[in-house]
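In: coordinates for the following, if possible.
(chains A and B)
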Amino acid sequence: MPLHHVVVERLLPSKPLKIASWNVNSIKVRGPQVIDWLQASGTDILFMQEIKSMDENFPRELFTDAGYDIHTHGQKTYNGVAVASRVPFDDVRRGLPMLEDSMDDEQARYIEVDIGDFTMAGLYLPNGNPVVAEDGGMHPKLVYKLDWFKRLQHRAQVLNQSQRPVLLTGDFNIIPKAEDCWDVDKWRGDALHHPETLAAFQRLKWLGYTDAWRAFHPNAIAYSFWDYQGGAWQKDHGIRIDHVLTNAEASDRLLEVGIDKTPRGNDRASDHTPVWCRVTV
DNA sequence: ATGACTGATGGTATCAGA
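Out: Got it, this is the predicted structure:
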């Protein structure tokens, strides 16, 4: 086959898609405003976290009526992730693979899809607080966060070695730098900005993954979470903990990255707001 | 100075979130 035919076949299917991530903090409460935002923002694929719903109770019809396929990985009461898409996936995988020495894990925090030559994952990293146990050692919650992170690191390495474009997005529960929160002194030692958490995040970046929002906005200040308490939203006391990470192949396909803070101002808002990007898929 | 929020759960107090 002549070379130009090969090139044309590779380029023709490419199109820009808008990909987003939003910790919705209960799909039962947030469902209608998620649909409103999907349609207003023109989002093609939305990864959701903290759906707090079992698969059988997820309001699927809200999404299918709006023209989106919905894939859930739920559990009772806590956690739970899902992905809505108006473009078909080639495969959907639920759960982060275990390593030989991993802790037991019943929590639903990871969903991964193939679309075109891309692999995309939606994740909800454990919070990790409190940091210190009663006996003065590391609290099991932070141990769990770091163990989960180790599994994510391994998966990110395997995906990156496939040489496919890889996009990891979700609620990382990580404040990467001092400028990613309104007052870093309030967060020193917290599990979201703990030295072990930051070291794990750095190891992920050493694989070749980029904090896409920061790459596009090197000097900006923007947050993705504002606590319900203390008027944090009104005072803009926020933190940037929801991220899009892209490997080199995916970074080359990035067109735009943003954080849409408007949904945080909704009635009955989630405490998180969506982060999004446009990529050529 | 004080208290200050939201969601899920056989629940009217507790856990978790960050």
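
In: A:Arg93 looks like it's in a strand, true?
Out: Yes: residue state for A:Arg93 (DSSP: H, G, I helix; E, B strand; the rest coil) corresponds to a strand.

In: my guess is it meets A:Glu112, correct?
Out: Yes: counting by C-beta atoms under 8 Å, A:Glu112 is a contact partner of A:Arg93 at 4.5 Å. Where C-beta positions appear, they are placed from N, C-alpha and C, glycine not excepted.

In: higher neighbour count, the two?
Out: Taking neighbours as other C-beta atoms under 10 Å, A:Arg93 and A:Glu112 compare with A:Glu112 leading, 23 against 15.

In: got the contact list for the closest residue to DNA strand B within chain A?
Out: Relative to DNA strand B, the nearest point of chain A is A:Ser26 (3.2 Å; C-beta to the nearest atom of the strand). By C-beta atoms under 8 Å, 6 or more residues apart in numbering, the contact list for A:Ser26 reads A:50-53.

In: now with 6 Å, please.
Out: A:Lys52 (C-beta atoms under 6 Å, 6 or more residues apart in numbering).

In: now do it, the pLDDT please.
Out: Listed pLDDT for A:Ser26 reads 97.

In: count of neighbours near A:Asp271?
Out: By other C-beta under 10 Å, 17 other residues sit near A:Asp271.

In: which ones are touching the residue most central in space within chain A?
Out: By C-alpha atoms, centre = their mean, chain A has its centre lying nearest to A:Gly170, at 0.8 Å. Contacts for A:Gly170 (C-beta under 6 Å, 6+ apart) come out as A:21, A:47, A:49, A:122-124.

In: with adjacent residues omitted, what lies nearest to it?
Out: Of all residues not flanking A:Gly170 in the chain, A:Leu123 sits nearest, at 3.9 Å (C-beta to C-beta, 6 or more residues apart in numbering).
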